[in-house]
Each structure stands twice: as structure tokens, then as C-alpha cells.
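Novice: fold the following.
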Amino acid sequence: MVERQHRPALNLYVPGGLVPRAAVDLPDAAAHHARVRRADAGDPVILTDGKGTRAAGVIDATGKSRVSVVVESLTQVPPPAPVHLLVPVADRDRMLLAAEKCTELQVTSWRPVRWARSRSVSPRGEGDRFREKVTARMVAALEQSGGAWLPDIWPESEPAEALQSAQDIAERFILDASGLAIRAMPATHAVALAVGPEGGFEEDEVALATSLGWVRMALGASTLRFETALIVAVAVVRAQQHTHRS
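Specialist: Below you'll find the predicted structure:
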């Protein structure tokens, strides 16, 4: 078996079972990805379990029903500074787009919230089947971006439960047009971001958040769609963390 050095390594998600110098059969989704990319014996691959383990390996064999990889070495990738999201239950396609981009930005968790104005959205993304779609989109984004950490995905919750779930997080921001610009923060601090649905938060939701210690944060003068606000907010936090660390 000769490794074909001219082929770039495929990044594939394998949820567990990575052992050095052992062969592993890729799960169906990863095997399908490898076949679509016309991967063959000898091609290099990078596997990750989405929990910080990254394995370098080589495809050992391919077939109609299986793709086997020999794991050569393992490395542990430290997690990025935690960024936890409270996202609105909202339009399905736009939630999936946000899930994809936020995975590329290495968010730590994704918790959908039934804000008051979420209830009028149709079709909205919620339930077990939609959560499976979010997971699949996040896995694809993880593979595309070469990440090693898959976000934790929580079931939908009500506003009070969601806001209280973040009480032990050092920095908590709720996006609100009347808020202040995000401030600098230590690079290692955990951050929670709450984003509202189309039409924004109800006043009592903002009041509840601030009573629990959340700080109102504005992203500028424009009214942003929720998925844009999510992506921009995470990017701003990541830039702040990177600048502080540098």
C-alpha cells in the first residue's frame, strides 16, 4: 500500500473508536463522503470524533458497502474558548445556515429557544427530526473546516430555562439594539450569546435576561436577520478573544 502524497487529506467525522495502528470501518455518512470524493486505497485522511481527538490515517480498502482506514497516529486538540449560543426557533433553512457557519467558528453549544415571537414562524425548525438535520449540517461543516470539536446540541427550551442554563458562564450577552458594543474579555472566558427571532425580543424577555445578569449588546445600527446576527456576534467574540490572547 503506497500513500498517494499528491492527494489532499480528506477530513471525516467518525464518532468514536479511534485507536492508533488499528483499522476502522467508516460510518455510512463518512464512507459516502469518501466515495463521492473518489477516495482510494493509499489516500491520506484525517478523522475526528468531534470531541477533540484527531487521527491521521490512510485508506486501506474501499468497496460498495465499506471504506476502511488504518489509523496511524492520534493527537488531542485543545478546545477553543467556550462560546455558547441561545438561538431562536425560527425558519428551518436559515437555522441550518446559521448552524453550519457557527460550527465553522467553533461554537461550543447550540440551544434553540422558543422566544415569544418564535411561535408565529412557519415552517420553523424544531423537534427530533430537525435536530438530526442540524447535526448533519454541523458534521459537514466540521469536516469542511477541519475542526475537531462538534457543538453540543440541546433540545428546544423556554426562555426562562434557557437563560438560567447559562448562569455559571462568565460573560453573557443578549443582542439588543439599545445595548452597548461588546467589550474586550479574557481569551479563556466562556461566553454566552442570546439572539432573538425575527421581530426581536419581547420587552419582558430582555427584562428577564438582565435580571439574571445578561448584558445587552448591540452589533451596530442595522437591523440584522437572526442568522446574520448569530454569525456576526460569534465572529466578534472570536476576534476579541484572539486579539486579547495575542
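Novice: can you confirm Leu12 is in a strand?
Specialist: Yes: Leu12 sits within a strand when classified using DSSP: H, G, I helix; E, B strand; the rest coil.
Novice: nearest spatial neighbour of it, chain-adjacent residues omitted?
Specialist: Distances taken as C-beta to C-beta, 6 or more residues apart in numbering put Ala30 closest to Leu12, at 4.2 Å, once the chain neighbours are dropped. (Each C-beta comes from the backbone N, C-alpha and C, glycine too.)
Novice: wait, that neighbour touches Val14, no?
Specialist: Yes: applying C-beta atoms under 8 Å, one finds Ala30 in contact with Val14, separated by 5.9 Å.
Novice: mutual contacts of these two, please.
Specialist: Leu47 (C-beta atoms under 8 Å, 6 or more residues apart in numbering).
Novice: wait, a strand at the residue nearest to Leu12?
Specialist: No: counting by three-state DSSP, Ala30 is not part of a strand but helix.
Novice: how far away is Pro78 from Leu193?
Specialist: 22 Å (C-beta to C-beta, to the nearest Å).
Novice: the more surrounded of the two?
Specialist: The residue with more neighbours, out of Pro78 and Leu193, is Leu193; 27 against 8, by other C-beta atoms under 10 Å.
Novice: which element is the more buried one on?
Specialist: Using DSSP states H and E, Leu193 sits within strand 191-194.
Novice: go on, His84?
Specialist: Using DSSP H and E, His84 falls in strand 83-88.
Novice: for the residue sitting nearest the centre point of the chain, give me the pLDDT.
Specialist: Centroid-nearest residue in the chain, with C-alpha atoms, centre = their mean: Thr103, separated by 2.8 Å. Looking at Thr103, its pLDDT is 98.
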